[in-house]
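Participant: Pasting the sequence and the predicted model now:
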Amino acid sequence: MSPSTPALLPVLIAGAGPVGLFEALLLTQLGIPVRIIDRELAISPYSRALGLHCRTMEILQFTGIIDSFLDKGKPMTNVSYYRNSRLVGSLPVIQAPEQSRFSTGMFLEQAKTSEILLTKLKELGVEVEYGWELLDTKVVDGRDGEEEYVETAIRRALVGGQVVKGGEDKDYETQVVRSKYLVACDGGRSTVRHKINIAFPGRSLAQKILMWDGHFRIGVEDSDLTPGEDFDKTLRDLTIEHFQSVVNATASPAKFKVTSTAWLTCFKLNERRADHFVHKNRIFLAGDAAHIHSPSGGQGMNTGLQDAHNLAWKLGYVLNGLAKPEVLLPTYEERGAMADRAIRVSSQIMARNRAQGVLADVKMYLLDVKYEKNIVNRSHETQPEPAAEHKVGIRAKDGILLPFYSTTTTTSSSSATLSANTKDKKDPQPTLRLHSLFTGVARFHILVFTSDQLTIDAKEISTLLDRHVTQWRSKWPYGSTLQDGYADKDLFKVHVIASPPSSASSAASNTALLEMSRREVGKGKVYIDSDGRSHKEYGFAATKGQGGITVVRPDSHIGFRVHGVQEQSWKDVDAYFSSILVIQTEQTF
Ligand SMILES: Cc1cc2nc3c(=O)[nH]c(=O)nc-3n(C[C@H](O)[C@H](O)[C@H](O)COP(=O)(O)OP(=O)(O)OC[C@H]3O[C@@H](n4cnc5c(N)ncnc54)[C@H](O)[C@@H]3O)c2cc1C
């Protein structure tokens, strides 16, 4: 870039629905300057997405903002489906507490979700630029060795110098924004998607759905559909009385009496997903801009927020000079499989075939998220493929761990007795969740499952761990502007998960264990997997096993796993990181 050329904006975000707001928040947490525009003048007031799935709540926890949502939401306990006046399925949306801190999803209207995200963004000093509409965009080749960039035309309507909604008889202020990247979060009718000619194949269904939100939500199919009817007029003329009559015909035993409404709407169903989510490695589609489907199963916004999370750390790494764009950014296409699945599940629910079976699928869907293999989800080259539930790409599972503690106060190696057995204790040690270790927006977490190896080899394991992690820290220092709310700047956090030690531990092992138990969180601190469940969930034997290392990506999916905790396994982990990360060059903004 010549000295006279103004620096490019790192990221422009088009659309400040929940997905755009979350993307802006995550990138800002990572120290990336963003602009976020929306053609409306404020957040949409409608309830639309009524809830947050457990998986979305996990993500909000990892990114440090869950408390505001917990304050405002209500636990989601039940969803019922009726057909021809008969209850055909009822879904208790609660799952086993050991699977996730969030045993149930949460009811919280989309407007409130957006409001929380907007407030958090403002706290970090970023204002949404309301009233700005994206008109056109394209990727421009860099000339004379300059890098390519995205050129976007935007405008806002003014009357008497005041920003107003667009339309006829307005003056417009226009701007051309040049940015390194553009994230299109501009909804189902995405202007960006049209302008860059990304196809949006799928189908439009004939069904007309009425949806009422009050103290709870009722969605009902209105079979009284006139061919060729003016849908916008139908929407304008929709009354509570008409809605009541359709409800009576569909779910009469439930005896709903509709007297008022927070939101009454009518919509037709579309099931579509963009051919590509990544355009020339510069423009990315997220949320409804990338996929739309029926609200059944409540997946639209949830899937979109998960898109934003997947993309943010990758952009963060690239813009901070920690990863090559051509290596990391194309992997955002992995979200396509999740979009396909959201469409498939919502379609099955709408079709009401095998209702009970479908509902079971939905229950699984809440946490069962997984990606296909690619450069960030890498199988081990020589070790056999694990069972499906342990493969790379899956969501890193939660579990219950115990802190390691010494039953004596002495630090002497020979007399220190380490234990995690709380059975015979009056004051059992507090447990902790494995997921509580996953702090930070853009960190890799390395889980070292030692099986019962620590009993014999604690010293060797801790020496290996320290040597490799020290090397990595100097090779890939945390980008100085990657600020995710944590004081230290570690790119890697290492957690050791051990089976309970046996009385056969050697004095040397005991000393090493004691030292590891006193470490700071993420620096090789050791925890106890008392019933072996976490080892099992991650595919390693809890006893008489060789253990193994699992690398958890910043968005808490499994990136790599290797059996064994000896030198070669650490080298394999090093090779995984080396294929993704570059020796830090410089920030590119
Ligand atoms: C009736 C109904 C019920 C639903 N229920 C659920 C549910 O229970 N659970 C669930 O997860 N999802 C649900 N959804 C889906 C959910 O509302 C969407 O998936 C969600 O809003 C997608 O968020 P988004 O940020 O991608 O897009 P949007 O919320 O559509 O936001 C897009 C933003 O981009 C702006 N924009 C558009 N074009 C431009 C432009 N050219 N320039 C600048 N700005 C632009 C718009 O003004 C808007 O603010 C429901 C949807 C409907 C309609």
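Facilitator: Okay, I see it. Residues are numbered from 1 along each chain as shown.
Participant: In this model R467 seems to touch D574, though I could be wrong.
Facilitator: No - using C-beta atoms under 8 Å, D574 is not in contact with R467, being 10.8 Å away. Glycine gets a C-beta too; all of them are placed from N, C-alpha and C.
Participant: any idea which element K268 lies in?
Facilitator: strand 263-273 (DSSP states H and E).
Participant: same question, T137
Facilitator: strand 132-140.
Participant: Find me the pLDDT at the residue nearest to R272 when sequence neighbours are not counted, would you?
Facilitator: In space, and not counting its chain neighbours, R272 is closest to G202: 3.1 Å by C-beta to C-beta, 6 or more residues apart in numbering. At G202, the predicted lDDT confidence score is 96.
Participant: Count the residues that sit near G202.
Facilitator: 16 (other C-beta atoms under 10 Å).
Participant: Mind listing the strands the strand holding T137 pairs with, and their directions?
Facilitator: Take DSSP bridges as the rule and strand 132-140 pairs in its sheet with strand 149-159 (antiparallel).
Participant: Tell me the helix or strand right after the strand it pairs with.
Facilitator: With DSSP H and E, the next secondary element past strand 149-159 is strand 162-164.
Participant: The helix or strand just after that following strand: partners in the sheet, and parallel or antiparallel?
Facilitator: With elements assigned by DSSP H and E, the helix or strand that comes after strand 162-164 is strand 171-184. Strand 171-184 has the following strand partners under DSSP bridges: strand 9-14 (parallel), strand 149-159 (antiparallel), strand 283-285 (parallel).
Participant: contact partners of whatever helix or strand comes next after the last one?
Facilitator: By that I understand strand 283-285. Downstream of strand 283-285, the first helix or strand assigned by DSSP H and E is strand 291-292. Strand 291-292 is contacted by residues 188, 202, 270-274, 300, 303, 339, 342-343 when judged by C-beta atoms under 8 Å, 6 or more residues apart in numbering.
Participant: and strand 291-292, how far from the chain's centre?
Facilitator: 17 Å (C-alpha atoms, centre = their mean, to the nearest Å).
Participant: Which SSE is immediately downstream of that strand?
Facilitator: That would be, after strand 291-292 and using DSSP H and E, helix 300-319.
Participant: Okay, and whichever residue of the stretch 451-589 of the chain sits closest to the ligand sits in which element?
Facilitator: Of all residues in the stretch 451-589 of the chain, D555 sits closest to the ligand, at 17.8 Å by C-beta to the nearest ligand atom. Counting by DSSP H and E, no helix or strand carries D555.
Participant: unless I'm mixing things up, it is touching A308, no?
Facilitator: No - using C-beta under 8 Å, D555 is not in contact with A308, being 10.1 Å away.
Participant: ok, and for stretch 234-246, which residues are buried?
Facilitator: Residues of stretch 234-246 classed as buried: 234, 238, 242-243, 246 (neighbour count, 16 or more other C-beta atoms under 10 Å).
Participant: Mind checking which of those residues land in helices?
Facilitator: Judged by DSSP state H, the buried residues of stretch 234-246 include 234, 242-243, 246 as members of helices.
Participant: Regarding T543, what is its secondary structure?
Facilitator: When classified by DSSP: H, G, I helix; E, B strand; the rest coil, T543 comes out as coil.
Participant: residues contacting it?
Facilitator: 451-452, 499, 532.
Participant: so which of those residues is the most crowded?
Facilitator: Busiest of the contacts of T543 [other C-beta under 10 Å] is S499, holding 27 neighbours.
Participant: related to what we said a few turns ago, would you mind measuring from the residue nearest to R272 to V345?
Facilitator: 15 Å (C-beta to C-beta, to the nearest Å).
Participant: How is V573 assigned, secondary-structure-wise?
Facilitator: helix.
Participant: low-confidence ranges in the stretch 451-589 of the chain?
Facilitator: Counting by pLDDT under 70, the stretch 451-589 of the chain has low-confidence residues at 455-456, 478-487, 503-505, 584-587.
Participant: Break down it into its strands, ranges please.
Facilitator: For the stretch 451-589 of the chain, the strands defined by DSSP state E, counting those that start in this stretch occupy 492-498, 523-528, 548-552, 558-563.
Participant: any chance of those in a markdown table, plus mean neighbour count and distance to the ligand?
Facilitator: Shown next, in a markdown table, are those (neighbours: other C-beta atoms under 10 Å; distance: least, C-beta to the nearest ligand atom, whole Å):
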| stretch | mean neighbour count | distance to the ligand |
| --- | --- | --- |
| strand 492-498 | 24 | 30 |
| strand 523-528 | 22 | 34 |
| strand 548-552 | 24 | 25 |
| strand 558-563 | 24 | 25 |
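Participant: To I154, which of those strands lies closest?
Facilitator: strand 558-563 (36.8 Å; C-beta to C-beta).
Participant: The nearest residue to T234 once chain neighbours are set aside: neighbour count?
Facilitator: Nearest non-adjacent residue to T234, counting by C-beta to C-beta, 6+ apart: C266, 5.9 Å away. Neighbour count of C266, defined by other C-beta under 10 Å: 18.
Participant: Surely C266 and I209 touch.
Facilitator: Yes - counting by C-beta under 8 Å, C266 does reach I209; the two are 6.9 Å apart.
Participant: between the strands of the stretch 451-589 of the chain, which one is nearest to S80?
Facilitator: Short answer: strand 558-563, nearest of these by C-beta to C-beta, at 35.1 Å.
Participant: May I see the buried residues of the strand holding K268?
Facilitator: 263-266, 269, 271-273.
Participant: same question, stretch 449-461
Facilitator: 449-455, 457-461.
Participant: Spatially, which two of these are the most separated?
Facilitator: The farthest-apart pair in those, when distances are taken by C-beta to C-beta, is F449 and K459, at 17.9 Å.
Participant: hang on, the earlier thing: bridged to the residue nearest to T234, which residues?
Facilitator: L210.
Participant: ok, it - contacts?
Facilitator: C266 touches 208-211, 222, 231, 234-235, 238, counting by C-beta under 8 Å, 6+ apart.
Participant: Can you narrow those residues down to the ones near the ligand?
Facilitator: Among the contacts of C266, the ones lying close to the ligand by the criterion of C-beta under 6 Å from any ligand atom are M211.
Participant: ok, so of the contacts of C266, who is nearest N320?
Facilitator: Closest to N320, out of all of these and judged by C-beta to C-beta, is M211, at 42.8 Å.
Participant: now the closest one: how far from C266?
Facilitator: For M211 relative to C266 (C-beta to C-beta), the value is 7 Å.
Participant: Then T463?
Facilitator: As judged by C-beta to C-beta, T463 and C266 stand 66 Å apart.
Participant: I343 too?
Facilitator: I343 is 21 Å from C266, by C-beta to C-beta.
Participant: For the nearest residue to P97 once chain neighbours are set aside, grab the count of nearby residues.
Facilitator: Nearest residue to P97, sequence neighbours excluded (C-beta to C-beta, 6+ apart): S103, at 4.8 Å. When neighbours are defined as other C-beta under 10 Å, S103 has 14 of them.
Participant: what does the chain put close to the ligand?
Facilitator: 14-20, 37-40, 44, 48-51, 110, 133-134, 185-187, 191, 211, 265, 267, 287-288, 295, 298-302, 304.
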